[in-house]
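**Q** please work out how this folds:
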Amino acid sequence: MIGFVIWIVVGILFFALGVYCFFAKKQVGFWANAKSPKVHNVKAFNRAVGKLWLVYAAVFCVLGLPMLLPQPSAAILLSVVGVMIEVIVLVIVYMKIEQKYSK
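**A** Next comes the predicted model:
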(Lines give C-alpha, C1' and ligand atoms only; values in the text may rest on other atoms or scores of the structure.)
Protein backbone atom coordinates (compact mmCIF):
# COMPACT_ATOMS: atom_id res chain seq x y z
CA MET A 1 0.00 0.00 0.00
CA ILE A 2 2.87 2.39 0.76
CA GLY A 3 4.29 1.79 -2.72
CA PHE A 4 0.97 2.69 -4.30
CA VAL A 5 0.71 5.89 -2.25
CA ILE A 6 4.22 6.92 -3.33
CA TRP A 7 3.33 6.07 -6.93
CA ILE A 8 0.22 8.29 -6.77
CA VAL A 9 2.17 11.15 -5.16
CA VAL A 10 4.63 11.03 -8.06
CA GLY A 11 1.67 10.98 -10.47
CA ILE A 12 0.26 14.06 -8.74
CA LEU A 13 3.61 15.81 -9.18
CA PHE A 14 3.46 15.07 -12.92
CA PHE A 15 -0.11 16.39 -12.93
CA ALA A 16 1.03 19.59 -11.20
CA LEU A 17 3.79 19.97 -13.80
CA GLY A 18 1.15 19.64 -16.53
CA VAL A 19 -1.04 22.31 -14.95
CA TYR A 20 1.97 24.62 -14.57
CA CYS A 21 2.95 24.13 -18.23
CA PHE A 22 -0.63 24.62 -19.39
CA PHE A 23 -0.95 28.04 -17.74
CA ALA A 24 2.65 29.27 -18.08
CA LYS A 25 3.16 32.67 -19.72
CA LYS A 26 6.78 32.04 -20.72
CA GLN A 27 7.77 29.16 -22.92
CA VAL A 28 8.23 25.96 -20.93
CA GLY A 29 11.09 23.54 -21.39
CA PHE A 30 10.97 19.79 -21.61
CA TRP A 31 14.57 18.62 -21.40
CA ALA A 32 16.65 19.34 -18.32
CA ASN A 33 19.49 21.82 -18.84
CA ALA A 34 18.63 22.35 -22.50
CA LYS A 35 17.36 25.46 -24.21
CA SER A 36 13.82 25.32 -25.50
CA PRO A 37 13.35 25.69 -29.24
CA LYS A 38 12.05 28.96 -30.61
CA VAL A 39 8.33 28.57 -31.23
CA HIS A 40 5.92 30.74 -33.17
CA ASN A 41 2.99 30.38 -30.73
CA VAL A 42 4.14 30.12 -27.10
CA LYS A 43 0.64 29.79 -25.64
CA ALA A 44 -0.33 26.90 -27.93
CA PHE A 45 3.03 25.21 -27.38
CA ASN A 46 2.68 25.46 -23.59
CA ARG A 47 -0.87 24.11 -23.73
CA ALA A 48 0.23 21.17 -25.88
CA VAL A 49 3.10 20.35 -23.49
CA GLY A 50 0.74 20.77 -20.52
CA LYS A 51 -1.78 18.37 -22.03
CA LEU A 52 1.03 15.92 -22.71
CA TRP A 53 2.04 15.95 -19.03
CA LEU A 54 -1.58 15.67 -17.86
CA VAL A 55 -2.18 12.59 -20.01
CA TYR A 56 1.15 11.16 -18.88
CA ALA A 57 0.16 11.66 -15.22
CA ALA A 58 -3.22 9.98 -15.71
CA VAL A 59 -1.75 6.94 -17.47
CA PHE A 60 1.05 6.79 -14.88
CA CYS A 61 -1.48 6.63 -12.03
CA VAL A 62 -3.51 3.93 -13.79
CA LEU A 63 -0.35 1.89 -14.33
CA GLY A 64 0.15 1.87 -10.56
CA LEU A 65 -3.09 0.00 -9.88
CA PRO A 66 -1.44 -3.48 -9.88
CA MET A 67 0.24 -2.42 -6.63
CA LEU A 68 -3.14 -2.68 -4.92
CA LEU A 69 -3.30 -6.44 -5.46
CA PRO A 70 -3.12 -8.28 -2.14
CA GLN A 71 -0.49 -10.83 -3.10
CA PRO A 72 2.81 -10.05 -4.78
CA SER A 73 2.19 -10.96 -8.38
CA ALA A 74 3.58 -10.71 -11.85
CA ALA A 75 1.06 -7.93 -12.54
CA ILE A 76 3.62 -5.47 -11.20
CA LEU A 77 5.53 -6.10 -14.43
CA LEU A 78 2.61 -4.39 -16.15
CA SER A 79 3.48 -1.24 -14.22
CA VAL A 80 7.19 -1.42 -14.96
CA VAL A 81 6.88 -2.23 -18.66
CA GLY A 82 3.96 0.17 -19.01
CA VAL A 83 5.97 3.10 -17.66
CA MET A 84 8.91 2.25 -19.93
CA ILE A 85 6.61 2.29 -22.96
CA GLU A 86 4.86 5.41 -21.69
CA VAL A 87 8.16 7.33 -21.43
CA ILE A 88 9.09 6.36 -24.99
CA VAL A 89 5.68 7.56 -26.22
CA LEU A 90 6.09 10.76 -24.17
CA VAL A 91 9.36 11.61 -25.92
CA ILE A 92 7.98 10.80 -29.38
CA VAL A 93 4.87 12.94 -28.85
CA TYR A 94 6.97 15.81 -27.48
CA MET A 95 9.21 15.66 -30.55
CA LYS A 96 6.10 15.98 -32.73
CA ILE A 97 4.86 18.93 -30.66
CA GLU A 98 8.26 20.60 -30.94
CA GLN A 99 8.30 20.03 -34.69
CA LYS A 100 4.78 21.46 -35.07
CA TYR A 101 5.47 24.70 -33.18
CA SER A 102 9.12 25.36 -34.17
CA LYS A 103 9.90 28.49 -36.13
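
**Q** mind checking the pLDDT average for the one helix or strand E86 maps to?
**A** Per DSSP states H and E, E86 falls inside helix 76-101. Mean per-residue pLDDT for helix 76-101: 92.

**Q** helices or strands next to it in the packing?
**A** When contacts are defined as 3 or more C-beta pairs under 8 Å, 6 or more residues apart in numbering; DSSP states H and E, helix 76-101 packs onto helix 42-63. The way it works is simple: take the backbone N, C-alpha and C, and place the C-beta from them, glycine included.

**Q** which residues are contacting the helix it packs on?
**A** Defining contact as C-beta atoms under 8 Å, 6 or more residues apart in numbering, one finds that helix 42-63 is touched by 7-8, 10-12, 14-15, 17-24, 26-28, 30, 39, 78-79, 82-83, 86, 90, 93-94, 97, 100-101.

**Q** got any ranges where this structure has weak pLDDT?
**A** 31-33, 72 (pLDDT under 70).
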